[in-house]
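> Let me see the structure of the following:
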Amino acid sequence: MSNQPAPTLNRWTVLTGSVLVLLCTGAIYAFSVFAGPLTAGHGWTMSQVMLAFTINGAVAPIPMILGGYIIDRGGARWAILFGAILFALGFVLTGTATTLTQLYLYYGLVAGLGQGFAYSGCLNNTIKLFPDRRGFAAGVITAGMGAGSVIAAPVAQSIVKSSGPGAAFVRMGLVYAVVVVIGALLVRPAPVGYKPAGWTPPAGAPAVENRTWRDMLSKPTFYLIFVMLGAGAFSGLMIASQLSPIAQTSMFGITAGTAAVLVSVYSICNALGRFGWGAVSDRLGYTTAVAFIYSLVAVSFLVMLTVHSTVGFVIGIVGLGLCFGGVMGVFPALTMKTYGPRFQGVNYGIMFSAYSIAAYFGPKIGASLGKWNPKHPGSGDYTQPFVIAIVVTLVGLGLTLALARMTAAKATAVAAAVPNRVGAGS
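Coordinates of the predicted model:
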């Protein structure tokens, strides 16, 4: 496969096509709207249903890494097209599931693999085209993913109410199948070393170091960033998977209909956070942005722990939505800055494994300790999951501060070495 783009490559067209695809695959974040009806309609427990969401996230490293390999070799369009169609197929098949095994296979595996290929291709290919605005590009791309559930949640709620969750999956999946093909056709592969016309790296900027995945794994920074990403995704995935049940517990006493609307509110904040924090990180620096994100996550959970009302719930999910979006928007750019753009596809695919670990533990802890039962209105208590999320977030904050010190020390050492090299050669 060639690394050369089509002669008519326009990075804004590629960005548009990628966002269009992720608007569809972002429907995975509206899963909490389906969760209650699936448990009630089939007699499954919430933990059993949430395992499908967990599997969906857990399989992500497979298509992310394999897709990254294809993307780094110029096959972005094909990876995106394959993944997007596979996702739509998984969504349609989920609507026919009558057993837990089918639910896990169709939603967890098929849709999960498809979503991973599409996400990897759209994200990693596009940010290679924006070396001047990495945070912005990553933010816009991942905002498309977050905004997908803004559309999906109310649509799904309406169809579920009138025709059931199965019909919602099938009808939405068929629409997605059409939209993702249109979006994928707008994508062109990013060329190696791409620089937009008229742009040059700022004076004094460090030389780009393109590191392979083996080089990346040999660096201590990888393990810091890996755990930071997992810690940041943990709370966002817990809330994304459990938002509707949390709202309906006695802690907040919100109705199912209002909870569905709040899923959209969370999704809107998720999308805005990806774009907003991505742009902020370009100005303040990635580690500084992440430190602010973790601080706001902890405050948001504290509000939900202490203000048991609709107002407290809304304040909490707004903060958490913005921050989850920020995590997903900033870390791709942080990875590329640290290890270079050449092998970003594979490198971020490996880094993204942290998301999958969070996708396993976040929803599982929320569902098992929250103990919400759709057959018993007002049941459930999410105090323990919230406390655990705060602890995980503080660990992420501590590691972020450690990474900031390491980065600053390295920059100082490099700056000090430059005069020495000049003097040695004079």
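> ok, which stretches of the stretch 151-300 of the chain are helices?
For the stretch 151-300 of the chain, applying DSSP state H, counting those that start in this stretch gives helices covering 165-185, 213-217, 220-248, 256-284, 286-306.
> right, so those helices: which one is the most enclosed?
Neighbour counts (mean count of other Cβ atoms under 10 Å) averaged over each of those peak at helix 220-248, with a mean of 25. Any C-beta I mention is one placed from the backbone N, CA and C, and that applies to glycine too.
> Which other helices and strands does that one contact?
Judged by 3 or more Cβ pairs under 8 Å, 6 or more residues apart in numbering; DSSP states H and E, helix 220-248 is in contact with helix 31-42, helix 46-58, helix 256-284, helix 286-306, helix 310-339, helix 344-351, helix 353-370, helix 383-425.
> Report the inter-axis angle for the fifth one versus helix 353-370.
In terms of direction (axes from the mean of the first three to the mean of the last three Cα atoms, to 10 degrees), helix 310-339 departs from helix 353-370 by 160 degrees.
> list the helices and strands helix 310-339 packs on?
With contacts taken as 3+ Cβ pairs under 8 Å, 6+ apart, helix 310-339 sits against helix 112-127, helix 134-163, helix 220-248, helix 256-284, helix 286-306, helix 344-351.
> mind giving me TSV with those and columns for mean pLDDT and distance to Phe169?
Output for the helices and strands packed on helix 310-339, formatted as TSV (pLDDT from 0 to 100; distance: least, Cβ to Cβ, whole Å):
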stretch	mean pLDDT	distance to Phe169
helix 112-127	90	14
helix 134-163	84	8
helix 220-248	91	17
helix 256-284	84	16
helix 286-306	95	30
helix 344-351	90	27
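> got CSV for those, with distance to Ala367 too?
Formatted as CSV, the helices and strands packed on helix 310-339 follow (distance: least, Cβ to Cβ, whole Å):
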stretch, distance to Ala367
helix 112-127, 18
helix 134-163, 19
helix 220-248, 7
helix 256-284, 16
helix 286-306, 17
helix 344-351, 26
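> of all those, which lies closest to Thr212?
Closest to Thr212 of the helices and strands packed on helix 310-339, according to Cβ to Cβ: helix 344-351, at 7.9 Å.
> Pretty sure Val303 sits against Val314.
No: Val303 is not in contact with Val314 according to Cβ atoms under 8 Å; the separation is 9.7 Å.
> which one of the helices and strands packed on helix 310-339 lies closest to Pro37?
helix 134-163 (5.1 Å).
> quick one, the closest one and helix 165-185 angle?
Using the same axes, to 10 degrees: helix 134-163 against helix 165-185 is 150 degrees.
> which other helices and strands contact helix 134-163?
Partner elements for helix 134-163 (3+ Cβ pairs under 8 Å, 6+ apart): helix 11-25, helix 31-42, helix 112-127, helix 165-185, helix 256-284, helix 310-339.
> In the protein, which residue is most central in space?
For the chain, the residue nearest the mean C-alpha position is Met328 (4.4 Å; Cα atoms, centre = their mean).
> measure the closest residue to that one other than its chain neighbours to Val314 for me?
Of all residues not flanking Met328 in the chain, Thr142 sits nearest, at 4.5 Å (Cβ to Cβ, 6 or more residues apart in numbering). Counting by Cβ to Cβ, to the nearest Å, the gap from Thr142 to Val314 is 23 Å.
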